[in-house]
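Peer 1: Predicted model and sequence follow; I will ask about them next.
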Amino acid sequence: MMSNLLAVTPHVTIRSISVSAMDNNVYLLTAATTGFQVLIDAADDLNAISMMVREAAADAAGPILGLVVTTHSHADHLRALAPLVAATEAPVLAGAEDVASIESQTGITVERGLNHGDRINSPGLSLEVIGLRGHTPGSVALAYQEPGQPVHLFTGDSLFPGGVGNTDGDPERFNALITDVQQHLFDQFDDAAIVHPGHGPATTLGAERPHLAEWWERGW
């Protein structure tokens, strides 16, 4: 299974692979100048993830998987996390409110709990942390930006083509999620921003923006 080459910019290469019957997306960012790699959501299939990391060896000199970020605590996004950490010793970061759940499910230690507005500053690669409460209490998205390029938004299960993530019919959770999605994504980034969700195909904020009022009205 070959990975998908999503973007090549002056500073980063972005790859993805779909794993499991649930079409979970695993993303890998490789800094061009340092080879430092950030993997987003070690969802399943360690062999497939390892193959993507090997394919990314051509993206920079001396690449090294230096960090794993988990967007939220649902089990389908965690199945390869423990074996990946065992194989690479890469530290794990996740939303602060989801840390306890992730640690109890996987047995790994999360090195740092993330909150809205935090930055992940790695050699040659910086990501903005965006809090999107509702799908889980500690769900986070990550934004990668560089001059002259569209913003890349890794939204986990909080924003998809066609709407926000599942909130199990709970109005409080839905209101929290759609409020955060509107204020932290649509109000902050332009229409060219590319949305890379936790499952399925990518979209853009421009493609989804006209439907925001519809999402608010339908309540999911």
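Peer 2: The structure has been received and is ready for your questions. Residues are numbered from 1 along each chain as shown.
Peer 1: what separates stretch 77-95 from the chain centre, distance-wise?
Peer 2: Taking the mean of its C-alpha atoms, stretch 77-95 sits 14 Å from the chain's own mean (CA atoms, centre = their mean, to the nearest Å).
Peer 1: what about it, start to end distance?
Peer 2: End-to-end distance of stretch 77-95 (CA to CA, to the nearest Å): 13 Å.
Peer 1: Give the buried residues for it.
Peer 2: 77-85, 88, 90, 92-95 (16 or more other CB atoms under 10 Å). The way it works is simple: take the backbone N, C-alpha and C, and place the C-beta from them, glycine included.
Peer 1: ok, now stretch 183-200?
Peer 2: So stretch 183-200, judged by 16+ other CB under 10 Å, has buried residues 184-186, 189, 193-199.
Peer 1: List the ones among these that fall in strands.
Peer 2: Cross-referencing these with the strands (criterion: DSSP state E) gives 194-197 as the overlap.
Peer 1: From these, pick the one nearest residue 112.
Peer 2: Each of those was scored against residue 112 by CB to CB, and residue 196 proved nearest at 21.9 Å.
Peer 1: from memory the closest one sits against residue 154, does it?
Peer 2: Yes - using CB atoms under 8 Å, residue 196 is in contact with residue 154, at 4.9 Å.
Peer 1: Next one: the closest residue to residue 56 other than its chain neighbours relative to residue 201, how far apart?
Peer 2: With sequence-adjacent residues excluded and distances taken as CB to CB, 6 or more residues apart in numbering, residue 56 is closest to residue 30, at 5.0 Å. Distance of residue 30 to residue 201, given as CB to CB, to the nearest Å: 22 Å.
Peer 1: do residue 190 as well
Peer 2: Looking at residue 190 against residue 201, where the rule is CB to CB, the gap reads 20 Å.
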